[in-house]
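> Provided below for reference: sequence and predicted model.
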Amino acid sequence: MIKKQIILFGAPGAGKGTQAKILASKLNVPHISTGDILREAVSKGTELGEKAKTIMEAGELVPDEIMGGIIKEVLMSEKCKEGYILDGFPRTTKQAELLDQILSHIDLDYPVVIELNVEDEIIVHRLSMRRMCSNCGYIVNLESLENQDVCPNCGAKNSFIKRKDDDEAVIRNRLKVYHESTKPVLKYYEGKTEIIIVDGTQSVEQVSELIISKLS
Ligand SMILES: [Zn+2]
């Protein structure tokens, strides 16, 4: 039996979103990205979205209780019965405690924790090479492009721009926040569940194969 209840950890730029999508498709379980859920709620203008929007526009973090409410609703839904991949939650020890409370009320298996391990310097380098097509929104890494002037998705020429949040100072700050808030979360899970640390510097395919083999 392969374990299908997963919390995926990784610094911004470690390839977490990419791996979460691949895993979700290989294991046939939902990819639960709190970032995606919030963005969708905001764009649909739901009650949650309105609340989250006001908070985010003030430059503040969405409170743990709101995030916990979102996660609870998703985990209670039918689609998570066979498994789930949590991406972006829990991000703090408080959220990890909330998740335990939620799981104690639902008949779901306790998750394993996977950490994609990539050194900060490699992440800074990776993200400094990241560009977005201003025409279609496609994200590329300049180093992996044969032709750096043409968007491989829409064919636009010289359309690549660097996003503000890929600026080095911003990246370093996000990494600092990640180390400060996430290390305690990993500590929280020590002794509670299996923590699988995967070298995230290999190719996307190698990393996903490694994760699958360690889940079996
Ligand atoms: Zn494009």
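Happy to help now that I have it.

> and the chain, which of its residues are near the ion?
133, 135-136, 138, 151, 153-154, 156 (Cβ under 5 Å from the ion). (C-beta placed from N, C-alpha, C; glycine too.)

> out of those residues, which are buried?
133, 138, 151 (16 or more other Cβ atoms under 10 Å).

> and the strands in the protein?
5-10, 31-33, 84-87, 112-117, 130-133, 139-141, 160-161, 195-199 (DSSP state E).

> TSV for these, including mean pLDDT?
As requested, the strands of the chain are arranged in TSV below (pLDDT from 0 to 100):
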stretch	mean pLDDT
strand 5-10	94
strand 31-33	93
strand 84-87	95
strand 112-117	96
strand 130-133	92
strand 139-141	89
strand 160-161	94
strand 195-199	96
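
> ok, now which ones touch the residue nearest to the spatial centre of the chain?
Nearest to the mean C-alpha position of the chain, by Cα atoms, centre = their mean, lies residue 87 at 3.9 Å. Taking Cβ atoms under 8 Å, 6 or more residues apart in numbering, we find residue 87 in contact with 8, 16-17, 20, 31-35.

> Throw the residues you listed into JSON lines and include neighbour count, thanks.
Conversion of these to JSON lines gives the following (neighbours: other Cβ atoms under 10 Å):
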{"residue": "8", "neighbour count": "27"}
{"residue": "16", "neighbour count": "21"}
{"residue": "17", "neighbour count": "19"}
{"residue": "20", "neighbour count": "23"}
{"residue": "31", "neighbour count": "20"}
{"residue": "32", "neighbour count": "25"}
{"residue": "33", "neighbour count": "21"}
{"residue": "34", "neighbour count": "19"}
{"residue": "35", "neighbour count": "11"}
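
> nearest to residue 181 among the residues you listed?
residue 34 (13.8 Å; Cβ to Cβ).

> count the neighbours of the closest residue in space to the closest one that isn't next to it in sequence for me.
Among residues not flanking residue 34 along the chain, residue 88 sits closest, at 4.0 Å (Cβ to Cβ, 6 or more residues apart in numbering). Applying other Cβ atoms under 10 Å, we find 21 residues neighbouring residue 88.

> and residue 88, how close does it get to residue 46?
Noted for residue 88: a distance of 18 Å to residue 46, by Cβ to Cβ, to the nearest Å.

> what's the answer for residue 71, then?
16 Å.

> who's more crowded, those two?
Comparing residue 71 with residue 46 by other Cβ under 10 Å, the one with more neighbours is residue 71, at 23 against 12.

> go ahead and confirm that one touches residue 102.
Yes - judged on Cβ atoms under 8 Å, residue 71 makes contact with residue 102 at a distance of 6.4 Å.

> give me phi/psi at residue 136?
Here is the backbone geometry of residue 136 (degrees, to the nearest 10): phi -120, psi -10.

> show me the contacts for it.
Contacts of residue 136 (Cβ under 8 Å, 6+ apart): 151, 153-154, 156, 159.

> now residue 55: closest residue in space, sequence neighbours ignored.
residue 62 (5.5 Å).

> return the set of buried residues in the lengthiest helix in the chain.
Counting by DSSP state H, the longest helix found in the chain is helix 168-189. By neighbour count with 16+ other Cβ under 10 Å, helix 168-189 contains the buried residues 171, 174-175, 178, 181-182, 185-186, 188-189.

> show me the contact partners of it.
Helix 168-189 has contacts (Cβ under 8 Å, 6+ apart) with 7, 9, 11-13, 90-93, 95-97, 113, 115, 120, 123-124, 127-128, 164-165, 195.
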